[in-house]
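**Student:** Here you go, sequence then predicted model.
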Amino acid sequence: MWDDAAGVPVPGIARALEVLVAQALDPAAAGLLPAAVVHLDQPEPAPAGDTDGAGRPAAAVGSVGGRPAYALARPGEGFGLTALEDAAALGGSGTDAGVLPTAVALGSAQGRELFAVGGEDGAVQVWDAVSGDLLHGTAGGEGAQVVSAAQVHGVPLAFSAGRAGEIRAWHTADGRGLGLLPVAGAGADALCHARCADLDLLAAGGADGLIRVWDTATGEQLHLLVGHTDRVTALAVLALGNQAVLASAGADGTARLWDLATGQPVAVLTGHSASVTGLAFLPSDGDPLLASCSLDGTLRLWDVYTGTAVDGRPSRQGWLTSLAALRLDGRPLLAVGDEHGAVVLWDPAGFTRVADLPAPPGGHPVNTLTVLEQDGRPRLAVGHGDGTVRLLDAAGGAQLWAAGPDGGAVTSMALCPADEQPLLVCGTAAGAVRCLDARTGTDLPLPAPHTGPVSGLAFCPPVEDSPALLVSAGEDGTVRVRDALGGAQLRRFTADPDGVTALAAAAVAGRQTVATGGPAGRVGLWDATDGRPLLELAGVAGPVEVLVFGLVGGREVLAAGGADGVLRIWDARDGGAVGEFAGGGAAVRSVTLQDLDGEVLLACGDQEATLRLWHVSSGALLNEAKVDRVPLAIAFGDTGLYMVGPEGATAL
């Protein structure tokens, strides 16, 4: 109880209920609650592959060693390459390959035939289809909502974790994974890098209230810190010569101090009456001080050496959601973010309000604050609930740049210092890792994995100066575009927030183009090189199951098969309708277009193992037959059709 807080009661549950109701009525309101509050209402993430499409087999037709071949992936059974004509095995894997496959593709780049596989955990890997050599790939992701970053022996590294799985370590320069730090699959809610006794350490706190500390060089767990009785919400480190003090805070309302050299507890700091949402050690010429903020609306100051309270005040900002410490004109200040999107600078000496930095419209909360220096001046990087990241001049509040939303609410942020290109590494509510150039706010593409099962893969041929591309889509709603041969990620964009269910890629009008379909029937065309939307096509009544590019009378077209069994064809340049073909009502599983002596045929197979053949220009159904397997892929051969099902291929 604070004597001077009578007129400003601690924010109650009414605000949470108000926004939760708004979210139920309008999903776009999801970013209006701070991450610390939303976490309490979030269900546990579904296991990878626990969706309608992730457990299905997948197939693709292409060539291997100049021979017609197909790739087939069966969930839980690995994947393989097989010749179409004589069923000769051309390579593959078992269940021990490390990838539980959900999507496959065959293609080529610079004269090499390539084979790509996407997995349940979001991983994408590419092999030389002839030699079987692994060319490049990403490890699986766990939904990175919290991040940390540092230079370790001069190498810029990042660490990321979600609410489940293990902690990933990776190079920020190229996204190459270094390995996993085990947390028994429990994930983490807070990460922090520390330097102690000439060791680079990483501390992680989770929902179980435990804090684990590793030596990042060896991956060895050095300490298990036990004390919090609820989720760990924040971590901060104070370097003291060759030693270090770790501060932790939790949803239990306490903050704790630990000796990082020994792992021994130093002090328990009690006084907050709600979850502690931010910790920061103050730059000070005297005894070190720790600042904390909480959902109880108060700021508090603690003496690190004695473990006692120094001061505490209500902020009158509402819920306090983030905290950072900086030095401005020689004096230490605290930057405090709140539920309304505002950032306020406080002088901890008496907790006087120094400045209110301008807040963007929309009222989205400040979920994370990070301090950096540019040209000798302190800057504040601010991550908001709508996914926006802003860089502010701490002295005057001027906005230096703003990066738009990508991947949902920003849930954590870390600065990775580098002389040439300092990075802001962001964790997001969607589980994506986002890297921004700290000087300009430019998104830097890294080969980070999808945060859910891969739902589609496609190779796109080269165009002029652009190399052949590998495009992957995921149930996380994002599309990743990579150099097919080298693996460098060139672009990442969100195609459908509800997830991508179908994918195709081709050169259209001399431009590398990606087509995506979603569960609500959205079909979109995108520029593969910069992620710009080109067309949105209408007409699909339900989930889009399959997409394929082709030619009809010299026109570049896109064909889509839906869950309602209907096939639709559009002009890929202007979106004009070309034709519509009704099936038997079962979901379409495969489609192909073929020009035979000037006559274009459309073949499709559905979930009820029915194969249909249409004459496109007249719309006439030429043939319809029940087959012995669900057609996952179809290809025209010299004398008929090849059909690939879960049990393999057959010729018709």
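**Tutor:** Yes, it's here. Numbers count the residues shown, from 1 in each chain.
**Student:** In the stretch 1-150 of the chain, what residue spans correspond to strands?
**Tutor:** For the stretch 1-150 of the chain, applying DSSP state E, counting those that start in this stretch gives strands covering 58-64, 67-74, 78-83, 89-92, 101-109, 112-119, 124-128, 134-137, 146-152.
**Student:** Output the ones you listed in TSV, with distance to Asp303 appended to each entry.
**Tutor:** Every residue, glycine included, has its C-beta placed from N, CA and C. Below are these laid out as TSV (distance: least, CB to CB, whole Å):
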stretch	distance to Asp303
strand 58-64	60
strand 67-74	60
strand 78-83	59
strand 89-92	63
strand 101-109	54
strand 112-119	51
strand 124-128	51
strand 134-137	50
strand 146-152	26
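**Student:** For the ones you listed, give me CSV that also has mean pLDDT and distance to Gly219.
**Tutor:** Conversion of these to CSV gives the following (pLDDT from 0 to 100; distance: least, CB to CB, whole Å):
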stretch, mean pLDDT, distance to Gly219
strand 58-64, 94, 34
strand 67-74, 93, 31
strand 78-83, 91, 28
strand 89-92, 87, 31
strand 101-109, 94, 28
strand 112-119, 94, 23
strand 124-128, 91, 23
strand 134-137, 84, 21
strand 146-152, 92, 12
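**Student:** out of these, which comes closest to Leu485?
**Tutor:** Among the strands of the stretch 1-150 of the chain, strand 101-109 comes nearest to Leu485, with 4.2 Å by CB to CB.
**Student:** What strands flank the closest one, and is each parallel or antiparallel?
**Tutor:** Strand 101-109 sits in its sheet next to strand 112-119 (antiparallel), going by DSSP bridges.
**Student:** which residues touch His223?
**Tutor:** Ile211, Arg212, Val213, Trp258, Leu260, Gly263 (CB atoms under 8 Å, 6 or more residues apart in numbering).
**Student:** if we can go back for a sec, the strands of the stretch 1-150 of the chain: which one's closest to Ala538?
**Tutor:** Counting by CB to CB, Ala538 lies closest to strand 101-109 out of those; the figure is 25.9 Å.
**Student:** could you dump that closest one to PDB, C-alpha only?
**Tutor:** The C-alpha coordinates for strand 101-109 follow below in PDB (Å, rounded to 0.1, in the frame of the first residue of the first chain):
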ATOM      1  CA  PRO A 101       8.600 -35.000 -43.700                       C
ATOM      2  CA  THR A 102       5.500 -33.000 -44.600                       C
ATOM      3  CA  ALA A 103       6.400 -31.600 -48.000                       C
ATOM      4  CA  VAL A 104       8.800 -32.500 -50.900                       C
ATOM      5  CA  ALA A 105       9.900 -30.900 -54.200                       C
ATOM      6  CA  LEU A 106      12.100 -31.800 -57.100                       C
ATOM      7  CA  GLY A 107      13.900 -29.100 -59.200                       C
ATOM      8  CA  SER A 108      17.200 -27.900 -60.700                       C
ATOM      9  CA  ALA A 109      19.700 -25.100 -60.400                       C
END
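**Student:** Can you check what angle separates that strand from strand 58-64?
**Tutor:** If you take axes from the mean of the first three to the mean of the last three CA atoms, to 10 degrees, strand 101-109 sits at 20 degrees to strand 58-64.
**Student:** how about the CA coordinates for stretch 264-278, as CSV?
**Tutor:** In CSV, the C-alpha atoms belonging to stretch 264-278 read as follows (Å, rounded to 0.1, in the frame of the first residue of the first chain):
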residue,chain,number,x,y,z
GLN,A,264,24.3,-19.4,-4.9
PRO,A,265,21.3,-17.1,-4.0
VAL,A,266,22.2,-13.7,-2.7
ALA,A,267,18.9,-12.0,-1.8
VAL,A,268,15.1,-12.3,-2.2
LEU,A,269,13.5,-8.9,-3.0
THR,A,270,9.8,-8.8,-2.0
GLY,A,271,7.3,-5.9,-2.2
HIS,A,272,5.6,-6.1,-5.6
SER,A,273,2.0,-7.3,-5.5
ALA,A,274,1.8,-8.6,-9.1
SER,A,275,4.0,-10.1,-11.8
VAL,A,276,7.4,-8.3,-12.2
THR,A,277,7.7,-7.4,-15.9
GLY,A,278,11.1,-5.7,-16.1
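**Student:** got the buried residues for it?
**Tutor:** Of the residues in stretch 264-278, Ala267, Leu269, Gly271, His272, Ala274, Ser275, Val276, Thr277, Gly278 count as buried by neighbour count, 16 or more other CB atoms under 10 Å.
**Student:** Of all the strands of the stretch 1-150 of the chain, which one comes closest to Ala484?
**Tutor:** Once these are compared by CB to CB, strand 101-109 is nearest, at 4.2 Å.
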